[in-house]
Structures are given as C-alpha cells and as structure tokens.
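Asks: After the sequence you'll find the predicted model.
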Amino acid sequence: MFASDNAAGVHPAVLAALAEANRGHALGYGADDYTARANQAFKRLFGEQAESFLVFNGTGANVIALKGLLRSYEAVFCSAESHLWIDEAGAPEQFLGAKLITLPADNGKIRLDDMLPRLGDIGFQHRSQPRVISIAQCTERGSVYRRDELQAICDFARRHGFYVHIDGARIHNAVAALGGDCKRLFTDIGVDVVSFGGTKNGLMMGEAVVVLNPELQANYAVIRKHGMQLASKMRFLAAQFLAYFDQDLWLHNAAHANRMAACLAEQLHTVPGARLMVPAETNMLFVEIPNAWIAPLQQQAYFHVWRADSRPGFSEVRLVMSFDVTQADIEAFIGTMRRLATG
C-alpha cells in the first residue's frame with residue numbers, strides 16, 4: 001500500500017519493546033525509568049539543552065509545541081499546503097486561539113520574501129501579531145529544506161523577534177536525506193521547538209515535542225496536560241522511542257523508505273504516460289498518470305489521488321514509501337504500470 005507511511009505496521013523491535021515494558025508496574029505520567037531514558041536519548045540527538053515531552057499524535061504535537069510559543073492575539077506563518085492549515089481540522093486555531101497566516105508554497109517550501117508584507121503588522125493594534133514561523137521538514141511535497149535554507153529562516157526569525165517551529169511528522173526522512181545530525185540541522189542554527197514524529201516510521205503511536213530553547217521549557221509539562229496529551233502509562237510511549245533510537249533504527253527505517261522512493265522514481269522514467277511532477281528527495285513521489293490507470297493501480301497498491309484532473313485525462317497521485325516496502329513491491333507496481341501503458 002502506497003497511500004501513506006502511517007498505513008504500515010509497527011516495527012518488530014518496537015513491538016518487542018512494548019512487550020518488555022509490559023512487565024511489572026511503573027509510576028505513571030512520566031515518572032518512570034523508560035521516560036527518563038527516552039529524554040536522555042533525545043538529548044543525545046539534539047544536545048544537552050533539549051527537553052522532550054512525549055505525546056500521542058502529530059496534531060497533538062503541533063498544537064502543544066505552538067501553545068508554548070505564542071499568545072492568542074499572535075499569529076503563525078505557515079505554508080498554504082501545511083498540515084497545520086489543511087489537515088488538522090482547525091485544531092491549532094481552536095486550541096491556540098491564535099491566527100494562522102498562510103504563505104504560498106514552492107514545492108512545499110515557504111519563501112522569506114512572502115513574509116515581508118506582513119512585517120508592517122508588528123505593533124499595529126488592529127492586526128494579529130506575527131510570532132512564529134512553522135515549517136514542515138520534510139514538506140508535504142516530500143522536499144527538504146537544506147541546512148542553509150533553515151539557517152536563513154532562523155536568522156530572519158531572530159531579526160524580527162519570531163520563534164521557529166518544525167513540524168517533523170516525517171523528520172526522520174528529512175534527516176536521513178540530509179546526513180543524520182539533528183543537533184547540526186536544528187539546534188545549532190536556532191530552531192526553538194520540534195514536533196518529532198515516529199508513527200509514520202515504525203512506531204505504534206507516539207510523537208514528541210522537543211523544546212530546544214531553554215528559555216521556553218518551563219511551561220511545557222503543564223501545557224501538555226492542559227492539551228490532553230499527557231499519557232498516564234507514559235512508559236509505553238517511551239519504550240517505543242528507546243527501541244526506535246537503538247542502533248539508529250529510526251534512521252535505517254527512513255533511509256530505506258527514501259531508497260525505495262528513489263528506486264520507484266528511477267523506474268517511472270521508463271513508463272510512457274507517467275510523469276514525475278517534482279524530484280524525489282525523501283519517501284514521497286508525486287506522479288501524473290492517465291485517469292484510466294488509477295483504479296487498476298489502486299488494486300495493486302492503494303494510493304491517494306492528490307490533484308484530480310491536473311490536466312485533461314490525467315491526475316496527479318501521491319505514492320508514499322514506508323520502512324517495510326520491498327523491491328518486489330516496486331517491481332510489481334511498475335509491472336502493472338507498463339502493462340497499462342502498452343494497452
């Protein structure tokens with residue numbers, strides 16, 4: 001199935017860790033050894049100043065992360081394609097009481113120049129006050145911000161008194177593509193808070209809010225409880241992350257998904273009638289195919305139509321590779337495409 005990486009199952013090592021954590025009793029709400037060790041694991045990734053707060057899901061991670069950054073009369077810059085804007089059912093605005101300001105996306109990425117017209121709102125009493133820049137890494141189009149691009153965003157934020165939030169639902173795929181160093185990619189350049197995903201890369205459930213700016217950390221424990229994201233049996237979230245980080249399983253899973261996407265992209269070039277819409281940078285492909293191919297291909301491996309009738313007779317579809325996709329899955333899918341292409 002190529003619909004989404006959250007359609008994949010749970011990695012066996014994570015399931016084994018859950019079974020192990022199920023032995024005996026442990027204190028609740030994070031006062032257990034598993035959670036303490038998970039926090040140390042995040043510190044090893046992001047640096048000693050990082051504090052992590054485990055939560056249930058990605059929307060929860062985003063709203064909890066942002067709640068610690070702004071007040072209700074302030075605003076968040078985000079992409080018009082962002083999960084925050086499109087796929088969280090208004091939860092950020094409802095929970096934060098703040099405004100989302102959308103910016104045009106260029107292959108998923110925002111441009112600093114598009115924020116310039118809103119700088120005049122600063123200090124103007126009739127306007128929501130810009131306070132946060134939120135970007136997805138990787139983006140909803142599978143693209144990644146290079147380190148110099150992230151640095152430019154953080155520098156811009158500092159000049160104007162903004163904070164920087166990373167929606168990292170697929171941060172694993174981005175980090176695998178960029179070299180695997182979270183401290184260098186995020187902490188050292190001035191990112192304030194990261195929503196760190198796991199569910200799309202082999203966890204059963206569980207994400208983390210990783211607060212990199214020590215000046216912002218004090219209230220996040222209460223914000224998490226207030227936001228209904230504090231797990232009573234926290235050890236079962238933490239145990240998953242311990243398995244996830246052990247021997248860099250998280251990066252191995254993500255790198256494999258990225259390789260499968262690159263392999264599929266390479267073979268798509270040999271299929272007449274299929275057109276890759278954007279370069280394959282991580283584990284997501286956007287491909288334009290004839291409408292007549294959609295139903296039979298979905299029988300082979302289900303996927304979502306991203307932009308129906310992108311041009312007459314064709315639609316853009318999204319193909320997402322997961323940690324458990326195999327070369328045989330790719331070959332079977334391409335084989336079906338070739339049969340359809342030759343009639």
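Replies: Cool, got the structure.
Asks: which ones are touching Glu207?
Replies: Applying CB atoms under 8 Å, 6 or more residues apart in numbering, one finds that Glu207 lies in contact with 54-58, 60-61, 169, 195-199. Every residue, glycine included, has its C-beta placed from N, CA and C.
Asks: Now the buried members of those.
Replies: Neighbour counting over the contacts of Glu207 (16 or more other CB atoms under 10 Å) leaves 54-56, 58, 60-61, 169, 195-199 as the buried ones.
Asks: Max pairwise distance over the contacts of Glu207: which two?
Replies: When CB to CB is used, the two most widely separated members of these are Leu54 and Ala169, lying 15.1 Å apart.
Asks: List the buried residues of stretch 311-320.
Replies: For stretch 311-320, the neighbour count (16+ other CB under 10 Å) marks 314-320 as buried.
Asks: if we can go back for a sec, of all the buried ones among the contacts of Glu207, which comes closest to Lys183?
Replies: Minimum distance to Lys183 across the buried ones among the contacts of Glu207 is 13.3 Å, recorded for Phe196 (CB to CB).
Asks: Show me where the stretch 1-150 of the chain has its helices.
Replies: Assignment of helices within the stretch 1-150 of the chain using DSSP state H, counting those that start in this stretch yields the ranges 12-21, 33-46, 58-67, 83-86, 91-96, 147-160.
Asks: Please enumerate the strands of this structure.
Replies: The residue ranges that make up the strands of the chain, judged by DSSP state E, are 51-55, 74-79, 99-103, 129-136, 163-168, 193-196, 207-211, 275-276, 284-290, 304-311, 314-320.
Asks: Show the secondary-structure elements that the shortest one is packed against.
Replies: Strand 275-276 sits against strand 284-290, with contacts defined as 3 or more CB pairs under 8 Å, 6 or more residues apart in numbering; DSSP states H and E.
Asks: now the strand it packs on against strand 304-311, angle please.
Replies: 50 degrees (axes from the mean of the first three to the mean of the last three CA atoms, to 10 degrees).
Asks: just checking, what packs against strand 284-290?
Replies: With contacts defined as 3+ CB pairs under 8 Å, 6+ apart, the packing partners of strand 284-290 are helix 249-268, strand 275-276, strand 304-311, strand 314-320.
Asks: Export those as CSV, with columns for mean pLDDT and distance to Gly108.
Replies: Written out in CSV, the entries for those read as follows (pLDDT from 0 to 100; distance: least, CB to CB, whole Å):
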stretch, mean pLDDT, distance to Gly108
helix 249-268, 97, 15
strand 275-276, 96, 15
strand 304-311, 96, 12
strand 314-320, 98, 12
